[in-house]
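Peer 1: sequence plus the predicted model coming up.
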Amino acid sequence: MKHISTIGSAALLGSMGIVVMSTITGCSGQQEQKAQNRFLIIEQQVNGKYIVVEEMPTEGPSRSIIRERDANGVVTERFMNEDEMRHLAEQEYQKVQNGQSELNQEPSSSPGMGLAGTILAVAAGSLMGNMIGNALMGNKNFQRHSNSVNKSAYHKSAASRSRSSASKKSFFGGSKTGSSTRRTSFFGG
């Protein structure tokens with residue numbers, strides 16, 4: 001009888017080890033998902049709206065170069081620091097909350113949006129925090145706008161990576177995307 005309880009204790013201890021390791025791994029994974037600052041190049045289109053043409057993660061603060069066209073079509077560039085970007089993003093977020101933003105509506109057939117909407121759509125997490133960024137990503141119109149205004153190669157490759165990793169199998173054999181995966185626990189549940 002003592003032999004059986006030792007096996008049970010070892011199984012329980014092993015299970016607890018797996019739980020602890022999963023918790024530790026989950027915590028470090030959350031740290032890796034921290035919003036990364038961005039360097040953006042935002043370009044005004046002929047229709048007066050803006051799109052992101054280049055995006056790169058950066059170790060320093062978020063910042064952007066804004067390329068704008070004057071009435072004669074001459075392009076000028078100006079620098080926008082993180083505080084200016086955050087200010088525009090916060091103003092646009094208030095419009096989203098009030099239902100008055102382009103981000104609340106279906107994207108139009110012409111590319112781009114206003115400058116503040118473009119900045120919020122692309123860099124909400126890094127400028128305003130992951131909680132707000134995640135809340136906005138839950139809005140399908142916001143997601144569509146975010147994808148439609150970001151034409152950078154970085155965005156396209158990141159989206160491709162996230163789609164391919166979403167379909168991989170988990171450690172315990174269940175698919176992360178499958179809703180009909182049958183799972184059984186160690187204790188028969």
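Peer 2: Nice, thanks for sending it over.
Peer 1: residue ranges of the strands in the protein, please?
Peer 2: Listed in chain order, the strands of the chain (DSSP state E) span 38-44, 50-57, 63-69, 75-80.
Peer 1: and the first one, what does it pack against?
Peer 2: Counting contacts by 3 or more CB pairs under 8 Å, 6 or more residues apart in numbering; DSSP states H and E, strand 38-44 is packed against strand 50-57, strand 63-69, helix 115-128. In this view, the C-beta of every residue, glycine as well, is placed from N, C-alpha and C.
Peer 1: could you pull out the buried residues of the first one?
Peer 2: Translated: strand 50-57. Across strand 50-57, burial judged by 16 or more other CB atoms under 10 Å covers 50-52, 54-55.
Peer 1: may I have the residues that are in contact with the closest residue to G117 other than its chain neighbours?
Peer 2: Distances taken as CB to CB, 6 or more residues apart in numbering place E102 nearest to G117, at 4.8 Å, with adjacent residues excluded. Going by CB atoms under 8 Å, 6 or more residues apart in numbering, E102 touches 113-114, 117, 145.
Peer 1: farthest pair in the residues you listed?
Peer 2: Greatest spatial distance among these (CB to CB): G114 and H145, at 10.7 Å.
Peer 1: please identify which of these two sits among more neighbours.
Peer 2: H145 (27 against 18; other CB atoms under 10 Å).
Peer 1: surely that one touches L103?
Peer 2: Yes - when contacts are counted by CB atoms under 8 Å, H145 is listed as touching L103 (5.3 Å).
Peer 1: anything in contact with each of these two?
Peer 2: Taking CB under 8 Å, 6+ apart as the criterion, H145 and L103 both touch 113, 117, 121.
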